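Peer 1: Show me the folded form of this:
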Amino acid sequence: MERGAPPAPAGDRHWRGSARFAVVCAVVFGALTVLTDCAAGTFTPARAVLWLALSATIGLLLLPPRVAAGRGWLSVRGPLSRRTVRTDALVGVRQYEGAASQLVFRDVHGGRLELDTRVLAANPFLWHEVGTGLRHSLHNGTLLQGADVLHRLERAIDDEGARAVLKASGMS
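Peer 2: Residues are numbered from 1 along each chain as shown. Coordinates of the predicted model:
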């Protein structure tokens, strides 16, 4: 790293594998539909366009959002939009439980984004950047809602990390 240059942003280290899975699923779907259509003898150029459009739609639906964080910011980029919040100027953090636990971040500039907690748990460098920004918000007094969420999430991620270390070392 060059002296004085800002550190590279942290990102989701599993994103490429998930994106590859989305593309493979879309290609397999497209190939199977075309082969089935050809075997039935109903394949036409119009149907080829239909299968191509459906395959592309499936690929876009399965494509995970790309998450990145740097000093004081968090960004989630999907296929159609990009949302960014200032983690060092957060107003609120809420956690919604359900099939997948979601965090909703809001900053003083009106930015809002949603993020799956599993992404933070699976990416220590990403969690470090987000956690540092959250602590700055707490210290600055801008975080009015969600300090308890921060502490619960820290404990859960630390516990999961400790379990992984114990399992890797054969102690569990």
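
Peer 1: domain assignment for this protein?
Peer 2: In the domain annotation for the chain, the residue ranges read 10-62, 69-169 (automatic domain parsing).

Peer 1: To which secondary structure element is G110 assigned?
Peer 2: Using DSSP states H and E, G110 maps to neither a helix nor a strand.

Peer 1: about what we covered before: pick the most buried one from the domains of the chain.
Peer 2: domain 69-169 (a mean of 16; mean count of other CB atoms under 10 Å). The way it works is simple: take the backbone N, C-alpha and C, and place the C-beta from them, glycine included.

Peer 1: For this protein, give me the ranges with low pLDDT.
Peer 2: 1-7, 172 (pLDDT under 70).

Peer 1: which stretches of it form helices?
Peer 2: Here the chain has its helices, by DSSP state H, at 15-40, 45-62, 117-122, 124-140, 147-169.

Peer 1: residue contacts, the closest residue to L153 other than its chain neighbours?
Peer 2: Leaving aside its sequence neighbours, L153 sits nearest to T117 (CB to CB, 6 or more residues apart in numbering; 6.6 Å). Contacts here follow CB atoms under 8 Å, 6 or more residues apart in numbering; on that basis T117 touches 95, 100-103, 153, 156.

Peer 1: Could you export those residues as JSON lines, including distance to R77?
Peer 2: Below are the contacts of T117 laid out as JSON lines (distance: CB to CB, whole Å):
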{"residue": "Q95", "distance to R77": "22"}
{"residue": "A100", "distance to R77": "19"}
{"residue": "S101", "distance to R77": "21"}
{"residue": "Q102", "distance to R77": "17"}
{"residue": "L103", "distance to R77": "16"}
{"residue": "L153", "distance to R77": "22"}
{"residue": "A156", "distance to R77": "25"}
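
Peer 1: Fine, thanks again, bye for now.
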